[in-house]
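1. Fold the following.
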Amino acid sequence: MTPASSATEPLEADGEPSEHTSAPERAGGESTTLASNVDSGGKSRSRRTAATSPGARAPPHRRQRRSDPDRRGRIAEAALQVALERGVNAVSHRTVAAVADVPLGSTTYHFTGLDDLLGAALERAAARYAEQLVAWSSAIAPGGDVADALCDLVLDSLATDAPRVAAEYELYLVALRRPALRDVSRAWFDLLPLVLQQHVDAVTARELAIAVDGVMINALVTGELPKRPDLFELLEKIVGELV
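-> Predicted structure coming up:
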């Protein structure tokens, strides 16, 4: 995606919008005037001369932008923070700019629309989810009980970090109303099946992931944790039928 800056926004040295408009610099603080002169042939001609006024104001200095090579990443991180703390509906260029401590123009420079901003937040959340899944999967012994391990994953997530899980699912489901985000949401869903394929076949992995999503969403909506025996029976039945 190629960033596009607003024509009405003053630009900083690197092309990003600045918070302040600086006047054009004038060399040495000189003001330019038109003066009339007579050449050697007696003809009148106009020429542009530089005259320095004793009380002339010094030229304003251009605002120097602080070094911020990962500004786009900081904005994406701020978008995720807003979504996690206030909900997806609170994500806007203005709220994200305030959290990221950048000019409003910078958010529209790097993310032209709200879909771009939400997509970047979901990608960040997905990257962290992937790390969590890899760590979880590596703890399963070869030939270990996948259904039992999935019970631990689901119940621990709901019991210890339900607000974060709810916000992440809210981001995941935003594609229901924003078709442009379907690919990002699909990539999110594919994370669990990909990790599960280290332990079960592809069909079983997908069925288990669908079951886990259903259980998680139901628990978040109702506020009731699933009972471990019931959850284990459900997951074990999928493993037993599809392996």
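
2. what comes up buried for stretch 89-109?
-> 91, 93, 95-97, 99-100, 102-109 (16 or more other C-beta atoms under 10 Å). Placement of C-beta: from N, CA and C, glycine included.

3. Return the member of those residues nearest to Leu194.
-> Taking C-beta to C-beta as the measure, Leu194 sits nearest to Val91 out of these, at 27.2 Å.

4. Pull up the per-residue confidence for the closest one.
-> At Val91 the predicted local distance difference test score is 94.

5. Can you pull out the low-pLDDT segments for this protein?
-> In the prediction, the chain carries residues with pLDDT under 70 at positions 1-69, 241-243.

6. what residue is smack in the middle of this protein?
-> Computing the C-alpha centroid of the chain and ranking residues by C-alpha atoms, centre = their mean puts Ala76 first, at 2.5 Å.

7. That one: helix or strand, and which one exactly?
-> helix 71-86 (DSSP states H and E).

8. what's that helix in contact with?
-> 16, 68, 90-91, 95-97, 99-100, 102, 106-107, 110-111, 117-118, 120-121, 123-125, 163-164, 167-168, 170-171 (C-beta atoms under 8 Å, 6 or more residues apart in numbering).

9. Mind checking what helix or strand follows it in sequence?
-> Scanning onward from helix 71-86 (DSSP H and E), the first element met is helix 93-100.

10. Point out the other helices and strands that that next one packs with.
-> Using 3 or more C-beta pairs under 8 Å, 6 or more residues apart in numbering; DSSP states H and E, the elements in contact with helix 93-100 are helix 71-86, helix 104-110, helix 114-138.

11. can we see that at 7 Å?
-> Taking 3 or more C-beta pairs under 7 Å, 6 or more residues apart in numbering; DSSP states H and E as the contact definition, the neighbouring helices and strands of helix 93-100 are helix 71-86, helix 104-110.

12. So which of the ones you listed is nearest Ser137?
-> Across the helices and strands packed on helix 93-100, Ser137 has its closest neighbour in helix 71-86 (23.5 Å, C-beta to C-beta).

13. got the CA coordinates for the closest one in CSV?
-> What follows is helix 71-86 as a C-alpha-only set of coordinates in CSV (Å, rounded to 0.1, in the frame of the first residue of the first chain):
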residue,chain,number,x,y,z
ARG,A,71,6.4,5.6,13.3
ARG,A,72,4.1,3.4,11.2
GLY,A,73,4.7,0.5,13.6
ARG,A,74,4.0,2.7,16.6
ILE,A,75,0.7,3.9,15.0
ALA,A,76,-0.3,0.2,14.4
GLU,A,77,0.5,-0.6,18.0
ALA,A,78,-1.5,2.3,19.2
ALA,A,79,-4.5,1.1,17.1
LEU,A,80,-4.3,-2.3,18.8
GLN,A,81,-4.0,-0.6,22.2
VAL,A,82,-7.2,1.4,21.6
ALA,A,83,-9.0,-1.7,20.3
LEU,A,84,-8.0,-3.7,23.4
GLU,A,85,-8.7,-1.1,25.9
ARG,A,86,-11.8,0.7,24.5
